[in-house]
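K.L.:
Pasted the sequence and its predicted model underneath.
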Amino acid sequence: MAVLIILGVLVIALVVVLPLIERFGPHYNQAQQAKISRFIWPMVFILLLAQLVNHLFLH
């Protein structure tokens, strides 16, 4: 039951927060978006490596 409550709260938070972020958040031009998106895949790769090390050696 607690899991359903947590999931419900998260869904409600997403429904409320996402439109607010889209409306009042910063608007980036094409060059700024390209600059930001350049760092996403390396950061995902580093996170996956860290999780792999955590899973293999610390559990």
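P.N.:
Sure thing, it's come through.
K.L.:
use CA for all of it now, contacts and neighbours both
P.N.:
Fine.
K.L.:
For the helix or strand of the chain with the lowest mean pLDDT, list every residue counted as buried.
P.N.:
Least confident element among the helices and strands of the chain, by mean pLDDT, DSSP states H and E: helix 30-37 (a mean of 92). Residues of helix 30-37 classed as buried by neighbour count (16 or more other CA atoms under 10 Å): none.
K.L.:
Heading C-terminal from that helix, find the next helix or strand.
P.N.:
Next along the chain after helix 30-37, taking DSSP states H and E as the criterion, comes helix 40-57.
K.L.:
helices or strands up against that following helix?
P.N.:
Helices and strands in packing contact with helix 40-57 are not found; criterion 3 or more CA pairs under 8 Å, 6 or more residues apart in numbering; DSSP states H and E.
K.L.:
Can you give me the pLDDT of Ile46?
P.N.:
Confidence at Ile46, expressed as pLDDT, is 98.
K.L.:
Revised request: answer the last question for Val9.
P.N.:
Per-residue confidence for Val9 comes out at a pLDDT of 97.
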